[in-house]
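> Coordinates only, no sequence provided:
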């Protein structure tokens with residue numbers, strides 16, 4: 001229970017401060033977007049570079065955590081993609097957006113700020129992020145993208161492979177691992193620079209999440225209840241169950257790795273799911289409602305993780 005009071009309570013208090021700022025019209029949705037861009041393009045990549053540049057390359061334990069998350073994510077996205085079409089008669093592109101919301105969690109703006117405050121959790125958390133960013137997001141992007149029947153198969157394949165390299169978070173991690181592998185000393189002004197920007201990532205991300213929740217117009221839940229409930233089941237129940245079961249069979253035993261994996265799969269649907277849905281103009285109401293609904297659920301799931309492993 002002490003972990004909930006010392007970690008979770010301040011985290012949700014920062015989100016609440018952002019909600020207050022949004023409700024009081026101290027910040028607007030466009031200003032929240034500017035904060036998100038700072039976190040996504042600068043602060044968080046610096047935090048991830050600093051974390052990986054001073055660490056050894058991924059080992060078998062890191063791989064086991066990444067594979068465990070990957071198994072849960074594949075189960076959830078397949079479940080959401082197939083069942084949304086069967087139950088609600090949505091198009092394949094809408095099913096891709098449904099799978100996106102069922103799988104992609106709020107790791108950057110909610111999970112990572114918590115993982116960075118707990119000794120031993122950041123490295124395995126980043127291992128799961130690496131699998132998500134290089135494989136799972138690529139699959140989900142392919143599913144939500146409009147279908148092309150005009151012979152551009154090579155272009156789509158290259159986009160699938162190279163797409164993750166356009167993600168600043170993934171590049172921050174990859175460059176950090178390369179820096180570490182080259183054996184370059186990571187101290188002095190270089191470390192201070194990345195630490196300064198990296199420390200700004202967590203609180204800014206949490207605060208901007210609160211502003212987004214306060215200023216975005218969410219649809220009436222009743223109008224999308226069935227689809228959002230299916231998304232919530234996939235994201236908050238099926239994905240964690242498969243991931244943690246896989247971790248057991250892969251022999252993950254380190255409590256820090258268990259805690260980091262449990263936190264990674266306990267976070268709600270990410271704000272990025274709504275951003276991607278908006279970009280493709282598909283499933284926007286469902287994605288927005290899923291962010292709000294699963295964020296409420298995550299208050300209990302994240303607190304449970306911290307009680308069990310923190």
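Yes, it's here. Model, not experiment: these values are computed from the prediction.
> number of nearby residues for the closest residue in space to residue 250 that isn't next to it in sequence?
Computed as CB to CB, 6 or more residues apart in numbering, the closest residue to residue 250 that is not its neighbour in sequence is residue 64, at 4.4 Å. C-beta here means a position set from N, CA and C on the backbone, and glycine is covered the same way. Applying other CB atoms under 10 Å, we find 22 residues neighbouring residue 64.
> Same question for residue 86.
Using other CB under 10 Å, residue 86 is surrounded by 9 other residues.
> after whatever helix or strand the residue nearest to residue 250 lives in comes which helix or strand?
Under the criterion of DSSP states H and E, residue 64 resides in helix 60-88. Sequence order places helix 92-103 as the next helix or strand after helix 60-88, per DSSP H and E.
> List the buried residues in that next one.
Residues of helix 92-103 classed as buried by neighbour count (16 or more other CB atoms under 10 Å): 93, 94, 95, 96, 97, 98, 99, 100, 101, 102, 103.
> Next, the contact list for the fifth one, please.
Okay, so that is residue 97. Going by CB atoms under 8 Å, 6 or more residues apart in numbering, residue 97 touches 144, 273, 276, 277, 280, 282, 283, 286, 287.
> So the spatially closest residue to residue 115 that is not a sequence neighbour versus residue 265, what's the distance?
Leaving aside its sequence neighbours, residue 115 sits nearest to residue 125 (CB to CB, 6+ apart; 3.9 Å). Residue 125 sits 11 Å away from residue 265, going by CB to CB, to the nearest Å.
> Was I right to think residue 124 contacts residue 261?
Yes. Look at residue 124 against residue 261 with CB atoms under 8 Å: they come within range, at 6.4 Å.
> got any residues that touch both of those two?
In contact with both residue 124 and residue 261: residue 65, using CB under 8 Å, 6+ apart.
> Now do the SS call for residue 272.
helix (DSSP: H, G, I helix; E, B strand; the rest coil).
> Can you name the residues that contact the residue lying closest to it once chain neighbours are set aside?
Leaving out its chain neighbours, the residue that sits closest to residue 272 by CB to CB, 6+ apart is residue 104, at 6.2 Å. By CB under 8 Å, 6+ apart, residue 104 lies in contact with 132, 136, 137, 140, 269, 270, 272, 273.
> Confidence-wise, which of these comes last?
Across the contacts of residue 104, the smallest pLDDT goes to residue 272, namely 78.
> so what's the backbone phi/psi at residue 105?
The phi and psi values for residue 105, taken as degrees, to the nearest 10, are phi -100, psi 170.
> Look up the residues forming beta bridges with it.
Note on residue 105: beta-bridge partners by DSSP bridges are residue 269.
> how much space between it and residue 222?
As for residue 105, its distance to residue 222 is 25 Å (criterion: CB to CB).
> do residue 210 as well
25 Å.
> re earlier: pick out whichever of residue 105 and residue 222 has more residues nearby.
Counting neighbours by other CB under 10 Å for residue 105 and for residue 222 shows that residue 105 has the greater number, 30 against 8.
> any idea how far the residue nearest the centre of the chain is from residue 28?
Taking CA atoms, centre = their mean, the centroid of the chain lies closest to residue 107, which sits 2.9 Å from it. Residue 107 sits 26 Å away from residue 28 when distances are taken as CB to CB.
> and what of residue 239?
For residue 239, the distance to residue 28 equals 33 Å [CB to CB].
> So which of those two has more stuff around it?
Neighbours per residue, other CB under 10 Å: of residue 239 and residue 28, the larger number sits with residue 239, 27 against 13.
> Surely the more buried one touches residue 76?
Yes. At 4.0 Å, residue 239 and residue 76 qualify as touching, with contact defined as CB under 8 Å.
> Need the residues touching each of the two.
Contacts common to residue 239 and residue 76, judged by CB under 8 Å, 6+ apart, are 102, 103.
> ok, back up a step: does anything pack onto the helix holding residue 64? Which helices or strands?
For helix 60-88, the elements it packs on are helix 92-103, helix 122-131, helix 137-144, helix 221-233, helix 239-249, helix 255-266, judged by 3 or more CB pairs under 8 Å, 6 or more residues apart in numbering; DSSP states H and E.
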